[in-house]
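# Below are the sequence and a predicted model; questions follow.
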Amino acid sequence: MVDNLRLSLQLTADSRGFEAGVRGAERQVDRLSGAIDRSGNAARRQATGNQAANAAMRRSARAARQQAAATTGAAASARNQGAAAAEAAGATRRHADAAATARGRLLGYAAAATAALYAAGRVAGVLVNTADTYTQINNRVRLVTQSESQLIAVRQRLFQVSQDTDTLFSANAELYNRLALSAENTTHSQADLLRITEILNKQVAIGGDSFEAAQAGLNQFAQGLASGRLQGDELRSVMEQLLGVSNGLITGFQILRARGQIDIDVTRANIRQLGAEGQLTAQLLLDALLASGEATDEQFQQVEKTVGSALARLGNSFTLFFGRLNEAGGNGTTFTGRLAARINEIADDLADAATRTIEDVRADLEQLARDRDNALQTGFSLIDDPIMAVYQAREAQLREELRLLQDVQADVGSGGPAATEPTQTPAPADSE
């Protein structure tokens, strides 16, 4: 009984302890449940936070993509604008290069036209003058010769005299003409007159007379011969202006007297008196010049050559060469006639070149209009835009070049009207 009671008390105690343990366990469970709930709540809050963070991240990603898309669009727009600007700048550079090329071409054609026309004019002038000089030589010699063969022989001898004495071919032809006309009443032959022409030129060189003084003195001498006597002003002119000739005459008179061909003693002191008495006839004067020939030849060897004398020889050679070339034209034409035709051909070629260049400028104007339209389509404004100002300046430049080329064409052409300037290309409406 006692044992049962002890067992019952023990069981009661144990149950109480168990209950207390259970309650403690329940409390632990409750605490654990609270902790679990709290952990769950924290986890849910964390999950909610994670979801919010994810949503924020997604929003940020969308915003970033939108920003990237906007940036890409802006970049593309910038690239497009840059490409348009680059294209406009390229077109501007092309037109600037075209302007430089056109200016260079214009200046080249203008320079070529000027140089060609100037050179052609100078050459034509020289050749025409040379042809005229040769014709005058032939005319003067023809007046004092009897046939074409005589003309050729005398002309050739006069040319040789001119080269030997470094004097002008044309001047000697004139001198010979006047001597021959003045000596019609003398006994002198054609060969004598040619020799006298040579002697007179050498004596002028020996005296060192200027070309102007020599021409004036020889004219006076020829006038005295034409009158049959040398006296008065003609004699005074020879004695004062032609020192070499006057000395040669005195020498010739002395040689003639020494030979016994004349009786009078002619000196520088009494020559004027003899002239006044009419004793200095054309026959005597020409005889004295021929007599002085040998002494004159010796003195002439001492005369130094000058650049002027060399140029005279060159001019004589050219006159004879071109004169004979001009005579050999054939078919009724002369070399100068063919030269004139060739100069006209050059003028026509220059006119054609100027016409082709005008077409080039017109093509540049058309290309400029196309480039301007393309620039307007890319967003450039026709009004108050620097790029458009470049196009307008270029157009004005091209039109000015066109006018210049038309002037060149009119100047070098055959007198026809200049090409008509193209009408102004209407500007397109502003794309804005």
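That came through, no problem. None of these values were measured; they are calculated from a predicted model.

# mind listing what the residue nearest to Thr167 when sequence neighbours are not counted touches?
Counting by CB to CB, 6 or more residues apart in numbering, Asn201 is the residue found nearest to Thr167 once chain neighbours are left out, at 4.8 Å. C-betas here are computed from N, CA, C, even on glycine. Residues counted as contacts of Asn201 (CB atoms under 8 Å, 6 or more residues apart in numbering) are Val161, Ser162, Thr165, Thr167, Asn172, Leu175.

# wait, is the last one part of a helix?
Yes: going by DSSP: H, G, I helix; E, B strand; the rest coil, the assignment for Leu175 places it inside a helix.

# All further residue positions should be reported with the first residue as 682.
Yes, from this point I'll number from 682; that puts the last item at Leu856.

# got a pLDDT number for it?
Note on Leu856: pLDDT of 93.

# What of the first one?
Per-residue confidence for Val842 comes out at a pLDDT of 95.

# burial measure for Arg940, as a count.
Look at Arg940: counted by other CB atoms under 10 Å, it has 9 neighbours.

# Distance of it relative to Ala972?
8 Å (CB to CB, to the nearest Å).

# do Asp1054 as well
Asp1054 is 97 Å from Ala972, by CB to CB.

# Those two: who's more crowded?
Just comparing Asp1054 and Ala972: by other CB under 10 Å the higher neighbour count belongs to Ala972, 24 against 14.

# Next up, phi/psi of that one, please.
Note on Ala972: backbone dihedrals following degrees, to the nearest 10 are phi -70, psi -30.

# residues in contact with it?
Applying CB under 8 Å, 6+ apart, we find Ala972 in contact with Thr932, Gly933, Phe934, Ile936, Leu937, Arg940.

# Please enumerate the helices of this structure.
Secondary structure of the chain (DSSP state H): helices located at 683-824, 829-846, 850-863, 871-888, 892-907, 913-922, 924-940, 952-957, 963-972, 974-981, 988-1008, 1016-1058, 1067-1093.

# Comparing the ones you listed, which yields the minimum mean pLDDT?
Among the helices of the chain, helix 683-824 carries the lowest mean pLDDT (a mean of 59).

# quick check, nearest of the contacts of Asn882 to Glu985?
Closest approach to Glu985 among the contacts of Asn882 (CB to CB): Thr846, at 13.8 Å.

# What separation is there between that closest one and Leu1083?
In terms of CB to CB, Thr846 sits 60 Å off from Leu1083.

# Same question for Leu924.
In terms of CB to CB, Leu924 sits 67 Å off from Leu1083.

# Glu1040 now?
10 Å.

# Give me the more crowded residue out of these two.
Leu1083 (22 against 11).

# close enough to count as contact, that one and Ile1039?
Yes: counting by CB atoms under 8 Å, Leu1083 touches Ile1039, with 6.4 Å between them.

# Could you pull up phi and psi at Gln982?
phi -60, psi -20.

# neighbours around it, how many?
Neighbour tally, Gln982, other CB under 10 Å: 7.

# Can you read off the pLDDT for it?
According to the model, Gln982 carries a pLDDT of 93.
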